[in-house]
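Chemist: 3D model of this:
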Amino acid sequence: MKMLNIALATLLLGTGYTCGAQEPPAARTTVHRYVIERTFPAGALDGLDAAIKAKVNANNAKFGVHWVMSYANAAKTKTYCVYEGPDEAAIRKAAVANQLPVDSITEVPVTLLPK
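Modeler: Presented below is the predicted three-dimensional model:
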């Protein structure tokens, strides 16, 4: 349980954790967290299924990007997506590869917890 808590805390803080041998500094990649705001035409998200999500995830992986979760408004015309990746350029390249709109990208390195 303690290792799980350490791993989760490490993930949330965006730093790497290794058990055992240390990687050389050049091999370490810092993961950054971003919120991406997107605007879609009405109905565009209605067909979002497991196959489409799998394709998005596969394309993201090519750029070292990970889709964490998304929130949508009731009309499903605006989404706020949490992504992790090496930098903003990789997030943008993944969006282009997935033909997804990007209104804004904001890096969110600080986690504020309610307690």
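Chemist: For Y83, see how far away T106 is.
Modeler: Here T106 is placed at a distance of 11 Å from Y83 (Cβ to Cβ, to the nearest Å). (Glycine included, C-beta is placed from N, CA and C.)
Chemist: now D103
Modeler: Taking Cβ to Cβ, one finds D103 at 14 Å from Y83.
Chemist: quick one, which of those two is more surrounded?
Modeler: Y83 (22 against 11; other Cβ atoms under 10 Å).
Chemist: Which residue is the nearest non-sequential neighbour of that one?
Modeler: Sequence neighbours aside, Y34 is the residue nearest to Y83 in space, at 5.0 Å (criterion: Cβ to Cβ, 6 or more residues apart in numbering).
Chemist: does the one you found really touch P86, like I thought?
Modeler: No - the pair Y34 / P86 is not scored as a contact, 10.7 Å apart, by Cβ atoms under 8 Å.
Chemist: Give me the more crowded residue out of the two.
Modeler: Y34 (22 against 14).
Chemist: Please settle this for me: is that one part of a strand?
Modeler: Yes - the assignment for Y34 is a strand, going by DSSP: H, G, I helix; E, B strand; the rest coil.
Chemist: which residues does it contact?
Modeler: Going by Cβ atoms under 8 Å, 6 or more residues apart in numbering, Y34 touches V82, Y83, E84, G85, E88, I91, I105, T106, E107, V108.
Chemist: Against S104, how distant is the fifth one?
Modeler: The reference is to E88. If you measure E88 against S104 using Cβ to Cβ, the figure is 11 Å.
Chemist: filter the contacts of Y34 to the buried ones?
Modeler: Taking 16 or more other Cβ atoms under 10 Å as the criterion, what is buried in the contacts of Y34 is Y83, E84, G85, E88, I91, I105.
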